[in-house]
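Asks: pasting a predicted model and its sequence here:
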Amino acid sequence: MRTTEEFTQAMQAGYAVQGGSIVLGAPLFQGACVASAPVRIPMRTMNRHGLIAGATGTGKTKSLQVLAEQLSLQGVPSLLMDIKGDLSGIAAPGQANPRIEERHGRLGIPYAPASLPVELLSLSDEKGARLRATVSEFGPVLLGRILELNDTQQSVLALVFKYCDDNGLPLLDLKDLRRVLQFTTQEGKPEVQKEYGAVSPATVNTIMRKLIEIEQQGAERFFGERSFDVNDLLQVRDGKGVVHIVRLTDIQDRPRLFSTFMLCLLAEVYATFPEQGDADKPRLCLFIDEAHLIFSTATKPLLEQIGTIIKLIRSKGVGVYFCTQDPTDVPDEVLGQLGLKVQHALRAFTAKDRTAIKRTAENYPLTDFYRTEELLTSLGIGEALVTALSEKGTPTPLAHTLMCAPATRMDVLTPLEVDGLVARSALTAKYNEVIDRDSAFEMLEKRLQGNTGGAEAQDKQERPSPERKPAKPERSLVEDLSRNTMVRQVGNTLVRELTRGLLGVLGVRTRRR
């Protein structure tokens, strides 16, 4: 049986930090809170990604809130995916109560309510700055994986992007992409076939149907201008990093749109931000709540794309944190890249749940102080198993941690507070302007109209001009009807005469045989 003194020494050594750090709480041992060994996470390892997991109601969203607060106070901006709509309170100060005072008394850390700078963003009709990206920025590879295209369909999509690049046709929204796809098999078929090869109409039709699938989940709102500049996520005000909250409460049932946005954002961040290497603190941290919405609907190529981006984006000074109920929701290739793990309680109601708990326990460092598998089901609300990377890059000891309470409001903003926040936002004024400039759709339409008009004009020039005839006097309706009746009578007479003549000829031929 290990002693409290041994535990304290192990925690103090494991969580000793020389540089900047954030405090998540203090470790618990045999029911007592060891305030002399706070659980500190080095700022220089916050770009090594992380996981916050736990059953519903165990406090994982509050842990996410604490992490975002601590980063902001250290001057690091963040981006939070607010699926449930309960993170907007970060913009308002918290309020002390007896439970919070008792918790922080045990931690030995005074509770200090604070508000932080917040920007609200939206993919849909929620209030906030609109997030958009153009089809061109998305690119054929990432778009093809979102659409779940096979190799043949992917090659046609790449051909379309190449044709547009070569001919100066901007692909801004899905309307542009649909029009160019139609053009390759209709009016522009000879031109495209000559320069790039034949395009199968069946393949184009399949891609069109795939586009309809994501349009039905609201993707047409995401593609377009003004395109969001990821550098606007790096705002710092009065020394505090701005917390950008993407309000996603109305797209919970549209996971394809959510995953489309996330992949585009990660790809754009990786392509835009310069290399940072191992800095004293990250440039930006992203928190993805309800991460299972991304992974549960993702295809194997899509998961590979996510895994690749997570591996590479660390060097840009960006940390990505997934928040989900079950750690097994996160694929192994992604889970292996996560340095910080904050594991709240899990529930074991079925054999499957018990198997998942056993697998989860195996993902944590071995410890002589806890029985991890048993502890996972007995953690209280606001308690978590924590392990991170030290400043040397080695895993810290597993700590049963009493978490700090959020310094900001643990509730949502009122509608009036949201309106005020949006009204003061510089990003809302910048990105909520609707722009629909000429792009591939309009340019192709103008080109086709010009070609049609030119052909008609040339045809008129080549034809000899007929002699002008005197203008016919206008006739009344009665005269028109009389004339039409007379024409029909003459026509009937001619048909009868021709029929008789034809029969006569046939009769003669028959007799000759």
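Replies: On my side now, so go ahead. All figures in this text were calculated on a predicted structure; none of them were measured in a lab.

Asks: output the below-cut-off pLDDT ranges for the stretch 301-450 of the chain.
Replies: Scanning the stretch 301-450 of the chain for pLDDT under 70 picks out 301.

Asks: show me the helices in it, by range?
Replies: Assigned by DSSP state H, counting those that start in this stretch, the stretch 301-450 of the chain shows helices spanning 332-335, 351-361, 372-375, 415-423, 426-431, 440-462.

Asks: mind putting these in a markdown table, distance to residue 235 and mean neighbour count included?
Replies: Every residue, glycine included, has its C-beta placed from N, CA and C. A markdown table is the format used below for the helices of the stretch 301-450 of the chain (distance: least, CB to CB, whole Å; neighbours: other CB atoms under 10 Å):
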| stretch | distance to residue 235 | mean neighbour count |
| --- | --- | --- |
| helix 332-335 | 28 | 16 |
| helix 351-361 | 36 | 15 |
| helix 372-375 | 40 | 17 |
| helix 415-423 | 14 | 14 |
| helix 426-431 | 9 | 17 |
| helix 440-462 | 33 | 13 |
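
Asks: residue 213: which of those helices is closest?
Replies: When these are ranked by distance to residue 213, counting by CB to CB, first place goes to helix 440-462 at 20.4 Å.

Asks: other SSEs contacting the longest strand seen in the chain?
Replies: Using DSSP state E to define each element, the chain has its longest strand at strand 21-29. Under the contact definition 3 or more CB pairs under 8 Å, 6 or more residues apart in numbering; DSSP states H and E, strand 21-29 sits against helix 4-14, strand 39-42, helix 60-73, helix 98-107, strand 383-387, strand 399-403.

Asks: out of the ones you listed, the one nearest residue 291 is which?
Replies: If you check each of the helices and strands packed on strand 21-29 against residue 291 by CB to CB, helix 60-73 wins as the nearest, at 11.0 Å.

Asks: returning to what we had before: of the helices of the stretch 301-450 of the chain, give the one that comes closest to residue 13.
Replies: Between residue 13 and the helices of the stretch 301-450 of the chain, the tightest spacing by CB to CB is seen for helix 372-375, at 20.0 Å.

Asks: summarise which helices and strands that closest one is packed against.
Replies: helix 351-361.

Asks: ok and the helix it packs on relative to strand 383-387, angle-wise?
Replies: 40 degrees (axes from the mean of the first three to the mean of the last three CA atoms, to 10 degrees).

Asks: that older thread, so what strands line up beside the longest strand of the chain?
Replies: Applying DSSP bridges to the sheet, strand 21-29 is found paired with strand 32-33 (antiparallel), strand 39-42 (antiparallel), strand 399-403 (antiparallel).

Asks: just want the angle from it to helix 4-14.
Replies: Strand 21-29 runs at 160 degrees relative to helix 4-14, counting by the same axes, to 10 degrees.

Asks: hang on, the earlier thing: can I get the strands paired with strand 21-29 in JSON lines with mean neighbour count?
Replies: Putting the strands paired with strand 21-29 into JSON lines (neighbours: other CB atoms under 10 Å) gives the following:
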{"stretch": "strand 32-33", "mean neighbour count": "15"}
{"stretch": "strand 39-42", "mean neighbour count": "25"}
{"stretch": "strand 399-403", "mean neighbour count": "25"}
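
Asks: Throw those into JSON lines and include distance to residue 58, thanks.
Replies: JSON lines is the format used below for these (distance: least, CB to CB, whole Å):
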{"stretch": "strand 32-33", "distance to residue 58": "18"}
{"stretch": "strand 39-42", "distance to residue 58": "17"}
{"stretch": "strand 399-403", "distance to residue 58": "10"}
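
Asks: which of those sits closest to residue 227?
Replies: Nearest of these (CB to CB): strand 39-42, 34.1 Å.

Asks: on that earlier part again, of all the helices and strands packed on strand 21-29, which lies closest to residue 324?
Replies: Of all those, helix 60-73 sits nearest to residue 324, with 8.3 Å by CB to CB.

Asks: so which elements touch the next helix or strand after the closest one?
Replies: Sequence-wise, the next helix or strand beyond helix 60-73 is strand 78-82, with elements assigned using DSSP states H and E. Counting contacts by 3+ CB pairs under 8 Å, 6+ apart, strand 78-82 packs against helix 60-73, strand 243-247, helix 255-272, strand 284-289.

Asks: contact partners for residue 113?
Replies: 93, 94, 95, 96, 407, 408 (CB atoms under 8 Å, 6 or more residues apart in numbering).

Asks: try residue 329
Replies: Contact partners of residue 329, counting by CB under 8 Å, 6+ apart, are 291, 292, 295, 296.

Asks: one more: residue 246?
Replies: 79, 80, 81, 82, 121, 122, 123, 128, 131.

Asks: do residue 49 as well
Replies: Listed by CB under 8 Å, 6+ apart, the contact set of residue 49 reads 310, 314, 319, 320, 321, 322, 337, 338, 339, 340.

Asks: picking up where we left off before, please identify which of the helices of the stretch 301-450 of the chain is closest to residue 207.
Replies: helix 440-462 (15.2 Å).

Asks: the residue lying closest to residue 56 once chain neighbours are set aside: neighbour count?
Replies: Nearest non-adjacent residue to residue 56, counting by CB to CB, 6 or more residues apart in numbering: residue 325, 6.5 Å away. Residue 325 has 18 neighbouring residues, counting by other CB atoms under 10 Å.

Asks: now do residue 249
Replies: Residue 249: 13 neighbours (other CB under 10 Å).

Asks: also residue 171?
Replies: With other CB under 10 Å as criterion, residue 171 counts 26.

Asks: before we move on, what SS does it have?
Replies: coil (DSSP: H, G, I helix; E, B strand; the rest coil).

Asks: may I have the phi/psi pair for it?
Replies: In terms of degrees, to the nearest 10, the main-chain angles of residue 171 are phi -100, psi 100.

Asks: dump the residue contacts of the residue lying closest to it once chain neighbours are set aside.
Replies: Spatial nearest neighbour of residue 171, excluding adjacent residues (CB to CB, 6+ apart): residue 135 at 4.1 Å. Counting by CB under 8 Å, 6+ apart, residue 135 makes contact with 143, 171, 172, 173, 174, 176, 177, 223.

Asks: try 10 Å
Replies: By CB atoms under 10 Å, 6 or more residues apart in numbering, residue 135 lies in contact with 143, 160-161, 164, 170-177, 180, 223-224, 439-440.

Asks: now swap in residue 227 and tell me
Replies: Per CB under 10 Å, 6+ apart, neighbours of residue 227: 131, 132, 133, 134, 136, 137, 172, 268, 431, 435.
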